[in-house]
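Novice: sequence? don't have it. structure:
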C-alpha cells in the first residue's frame, strides 16, 4: 500500500516517516500520539512524525485518492457498500481544528471534541476507510481569523455532517468506486436531502 503513494513525497525523509506513521496507526498501541507512533517506528524522538504532519509538503487529498484507487482495485465489487459514520476525539483545549462543545457518540454526550466524518468501503473481499472530512462548526467557519491561524483555507465554508457525507459519496462515485448501497445511522437517515441525492446517484441505502 505504501508504494502506491510513495511518489507523492519529493524527499525520502517524509516518505519514510509516512511509512512509519501508517504502520504505527495500524499497530496495537493504546495511545497513538506522535511520541508513541515514533517509538513504534524505532525513533528516539517524535520530530520526524511531527514534521510530517506540520511542516512537510505533501498533498493529503492526493494520497487519499491513491488509497481509494488501491481499495477499489483490490476490494471492488459491484455489490459494494459505502458506509458513513462519524467519530469524536475528546479534547481539552480550544486550538485543535473544529473543536468545540458538541455531541459525540464517542462519549455519548456533549463534550469538548473534534468530530470527523468518515467513509468506508465494504465488500465480500474486505473493508477499509477510503475518505474523511473534519466537521467545522459555525463557531469556526464564521471566524476567519481563527481559521487562518489554524491553517484552514479561505474557501472552506460551513457544511453539515450530512453534506460532508454527500461530498464523499459523490467523490467515490466519480472515482468509479464500484458500489450499489450506502449504509449509515439515523443521524444521516433523517436528512431528506441526502436520501434524495442517493436516489439521484441510483444507490440503494439503509439509513437507520
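Specialist: Happy to help now that I have it. Small disclaimer: the values here were computed from a predicted structure and weren't measured. Numbering: from 1, shown residues only.
Novice: and the residue located most distally from the centre of the chain, helix, strand or coil?
Specialist: Going by C-alpha atoms, centre = their mean, the residue of the chain most distant from its centre is residue 44, 28.3 Å out. Three-state assignment for residue 44 (DSSP: H, G, I helix; E, B strand; the rest coil): coil.
Novice: what does residue 51 give?
Specialist: Residue 51 is classified as helix under three-state DSSP.
Novice: Same check on the one 10 residues further on?
Specialist: The local conformation at residue 61, judged by three-state DSSP, is helix.
Novice: Roughly how far does it sit from residue 30?
Specialist: According to C-beta to C-beta, to the nearest Å, residue 61 and residue 30 sit 30 Å apart. Using the backbone N, CA and C atoms, a C-beta is placed for each residue, glycine as well.
Novice: okay, these two: which has more neighbours?
Specialist: Shown here are residue 61 and residue 30; by other C-beta atoms under 10 Å, residue 61 has more neighbours (9 against 5).
Novice: how far away is the more buried one from residue 124?
Specialist: Taking C-beta to C-beta, one finds residue 61 at 29 Å from residue 124.
Novice: if I pick the closest residue to residue 201 other than its chain neighbours, what's in contact with it?
Specialist: The spatially closest residue to residue 201, leaving aside those adjacent along the chain, is residue 173, at 5.6 Å (C-beta to C-beta, 6 or more residues apart in numbering). Neighbour list for residue 173: 179, 201, 203 [criterion: C-beta atoms under 8 Å, 6 or more residues apart in numbering].
Novice: Could you list which residues are in contact with the last one?
Specialist: Neighbouring residues of residue 203 by C-beta under 8 Å, 6+ apart: 82, 169, 173, 179-182.
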